[in-house]
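Student: Give the three-dimensional model of this entry:
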Amino acid sequence: MFGKYLAITIYLVILGIITWLSARHKKIEDFLYASHNVSWKSLAMSLFASGFSSYNVVLTLTFSFLFGPYIFLVFLGVLAGYICIYLIAKKYKEVIFEERFNNIIDFIRQKFDFKVVNLLNLALIAVLFLFITLQLYINTAIFSEFLGWNKYTSAIFVSVVVLLYIIVGGLKAEVFTDVFQGVLMMLIIALVFMVDIGKISYESMTSILADKAIFFGTLSLGITQFLTLLIQPEIWQRVAAARDLTHLKKGLIASWFLLAIVLIPMIIIGLVARSSSPIENPRTLFYDIVETTAPKWFFPFLIVSLFAAFMSTLDSSLFAISSQLGKYGFIVKRITKERFTNDREIAKNIRLSTLIVLVLALIASLFLGDFLKGVFGLVSLLTVISVCVLMSLILKISSNETFIGTLVGMIAFIFAFFGGYITDKPVTTLYPPLFAFGYILLQTVALRIYNSLRT
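Tutor: Sure, this is the predicted structure:
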């Protein structure tokens, strides 16, 4: 137990030093958008760290157990998402690299009218709040298991640490702590050397590869991974923080390779668990693997690595939602130039929003029920938003058409989620976005035919 606490203490001390160094000049531009001066190396590590959390460690192992080698399709979805993000940033660089851009609503304001902006603002706030709640839920469970704390102590401890360095350092501290945390997360790779890879048999792999249900389930995950990346507020904050397009391109490429370095061992571990079949409940897969394979001396390293993975993603989501609330609130109004340029007032609002959101998400996480259903619900709602925004940009439809299409997609999501149509099967997450896609397409065709007949 002493080794665990010593490792955590060293980690927290280094984290505090990095936060202090990031915030010591007290530049408000550093707090809000890292002064748009992040190099590709720091950007790559920040994208990697914010995208790969202990939440994703558990999910990757679970999905590898459920879907076998087909899980690699999800990784290809990440690649497609990164390519598309770069192309969007290149096309709209005058908006994304604008001096005071610090959240995705800044981009949406430039492209849509206020009814669309408000609808998307509320939807993304809901998505980010649910994501933060899910992270707190899974990670307090992890730390309760490994440290012997009750879930309340675990939840409060990790929340206070994240709260402190976000309030002190803002986005700049978040990016540079990501670099440190990203390095520590590489320790998770060592788990692959503690399982018996020889248990992966040819027969077990061919039976999985022949299962069409598994293939289409994983293909659905790959598609949703692609779509969710395109609209993730955390990613766009880091995109805007890059020095320029060249640094962004290099950062995205390097981040993808860093994800491969960690994800591939996670996939192998999941395959070993499936081939050896010692685990009946995939939801407890992570704990079972660690308990049966990892030696006691590795636990302090694993805990620190998981702390880093958790905090690097939680801080990203927390700062993203607080940036939206701090700058625009729940209702986006026509902002005067004086209010829009009052960076210190915005920073003050972001700090207050961070505290309020974290407390509410912490309370919600303690009462969360079905984790996987919550994950798939989150993914489905995010893909609805992504499909609607993407189609409006590609088809160049009006704001009224975008508003109606987005509203229809969200109503379809609410009906599917609470009607039980979104289950723990990945393909069900695509029902609402497919409905939104079909509606917007039919709406566009019908209106263009109508307009052509009138003329």
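
Student: Report the separation between Leu382 and Glu234.
Tutor: Applying CB to CB, to the nearest Å, the value for Leu382 to Glu234 is 12 Å. C-beta: built from backbone N, CA, C; applies to glycine.

Student: Please apply the same query to Leu66.
Tutor: Counting by CB to CB, the gap from Leu66 to Glu234 is 26 Å.

Student: next one: Ile197
Tutor: Relative to Glu234, Ile197 is positioned 34 Å away (CB to CB).

Student: quick one: low-confidence parts of the stretch 51-200 of the chain?
Tutor: 51-59, 139-147 (pLDDT under 70).

Student: all helices of the stretch 51-200 of the chain, in order?
Tutor: 54-67, 72-91, 93-96, 104-111, 114-147, 151-185 (DSSP state H, counting those that start in this stretch).

Student: What pLDDT is listed against Met33?
Tutor: Actually, residue 33 is Tyr. It isn't Met. For Tyr33, the model assigns a pLDDT of 65.

Student: ok, back up a step: the more surrounded of Leu66 and Glu234?
Tutor: Set side by side, Leu66 and Glu234 show more neighbours around Glu234, with 25 against 20, by other CB atoms under 10 Å.

Student: would the more buried one count as being in a strand?
Tutor: No - using DSSP: H, G, I helix; E, B strand; the rest coil, the assignment for Glu234 is helix, not a strand.

Student: you'd agree it is up against Ile321?
Tutor: No - in this structure Glu234 lies outside contact range of Ile321 using CB atoms under 8 Å: 9.3 Å.

Student: got any residues that touch both of the two?
Tutor: Common neighbours of Glu234 and Ile321, using CB atoms under 8 Å, 6 or more residues apart in numbering, do not exist here.

Student: Neighbours of Leu245, how many?
Tutor: 15.

Student: mind checking how far it is from Tyr92?
Tutor: Counting by CB to CB, the separation of Leu245 from Tyr92 is 11 Å.

Student: Got the domain ranges for this protein?
Tutor: Following automatic domain parsing, one gets these domains for the chain: 2-368, 371-455.

Student: In contact with Leu395: list those residues for me.
Tutor: Taking CB under 8 Å, 6+ apart, one finds Ile440, Thr444 in contact with Leu395.

Student: rewinding a little: compare the helices of the stretch 51-200 of the chain and give me the one nearest Phe48.
Tutor: Of all those, helix 151-185 sits nearest to Phe48, with 5.2 Å by CB to CB.

Student: nearest spatial neighbour of Leu229, skipping sequence neighbours?
Tutor: Gly81 (3.2 Å; CB to CB, 6 or more residues apart in numbering).

Student: Leu230 is in contact with that neighbour, correct?
Tutor: Yes - applying CB under 8 Å as the test, Gly81 and Leu230 come out as touching, 6.0 Å apart.

Student: Which parts of the stretch 301-450 of the chain are helices?
Tutor: So, for the stretch 301-450 of the chain - with DSSP H, counting those that start in this stretch - the helices run 337-340, 343-365, 371-395, 399-418, 431-454.

Student: what's next to the last one, contact-wise?
Tutor: Looking back up the chat, that one is helix 431-454. Outside helix 431-454, the residues that touch it by CB under 8 Å, 6+ apart are 227, 380-381, 383-384, 386-388, 391-392, 395, 397, 401, 404-406, 408-409, 412-413, 416-417, 421-422.

Student: which intervals of the stretch 351-455 of the chain have sub-threshold pLDDT?
Tutor: 368-374, 455.

Student: give me phi/psi at Ala242?
Tutor: phi -70, psi 150 (degrees, to the nearest 10).

Student: contacting residues for the nearest residue to it once chain neighbours are set aside?
Tutor: The shortest distance from Ala242 to any non-neighbouring residue, by CB to CB, 6+ apart, is to Leu248 (4.2 Å). For Leu248, the contact set (CB under 8 Å, 6+ apart) comprises Trp40, Leu43, Tyr86, Ala89, Val239, Ala242.

Student: again with His247
Tutor: By CB under 8 Å, 6+ apart, His247 lies in contact with Val38, Ser39, Trp40, Leu43.

Student: I'd like the helices of the stretch 51-200 of the chain laid out as a markdown table, including distance to Ile268.
Tutor: Shown next, in a markdown table, are these (distance: least, CB to CB, whole Å):
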| stretch | distance to Ile268 |
| --- | --- |
| helix 54-67 | 8 |
| helix 72-91 | 11 |
| helix 93-96 | 37 |
| helix 104-111 | 35 |
| helix 114-147 | 21 |
| helix 151-185 | 17 |
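
Student: quick one, which of the ones you listed is nearest to Ile303?
Tutor: Across the helices of the stretch 51-200 of the chain, closest to Ile303 is helix 114-147 (CB to CB), at 5.4 Å.

Student: what's the closest one packed up against?
Tutor: For helix 114-147, the packing partners by 3 or more CB pairs under 8 Å, 6 or more residues apart in numbering; DSSP states H and E come out as helix 54-67, helix 104-111, helix 151-185, helix 299-328, helix 343-365, helix 371-395, helix 399-418.

Student: which of those sits most buried?
Tutor: Across these, averaging neighbours per residue (mean count of other CB atoms under 10 Å) puts helix 299-328 on top, at a mean of 25.

Student: Next, the angle from that helix to helix 343-365.
Tutor: 130 degrees (axes from the mean of the first three to the mean of the last three CA atoms, to 10 degrees).

Student: same for helix 299-328, what does it pack against?
Tutor: helix 2-23, helix 40-51, helix 54-67, helix 104-111, helix 114-147, helix 151-185, helix 233-241, helix 343-365.

Student: Go through the ones you listed and name the closest to Leu219.
Tutor: With CB to CB, the closest approach to Leu219 among the helices and strands packed on helix 299-328 belongs to helix 54-67: 9.9 Å.

Student: What residues does Val408 make contact with?
Tutor: Val408 neighbours (CB under 8 Å, 6+ apart): Phe435, Ala436, Tyr439.

Student: Try it again at 6 Å.
Tutor: Val408 is in contact with Tyr439, counting by CB atoms under 6 Å, 6 or more residues apart in numbering.

Student: Ala155 and Asp315, how far apart?
Tutor: In terms of CB to CB, Ala155 sits 16 Å off from Asp315.

Student: scratch that, Val239 is what I was asking about
Tutor: Per CB to CB, Val239 is found 17 Å from Asp315.

Student: Also Glu98?
Tutor: Using CB to CB, Glu98 is found at 24 Å from Asp315.
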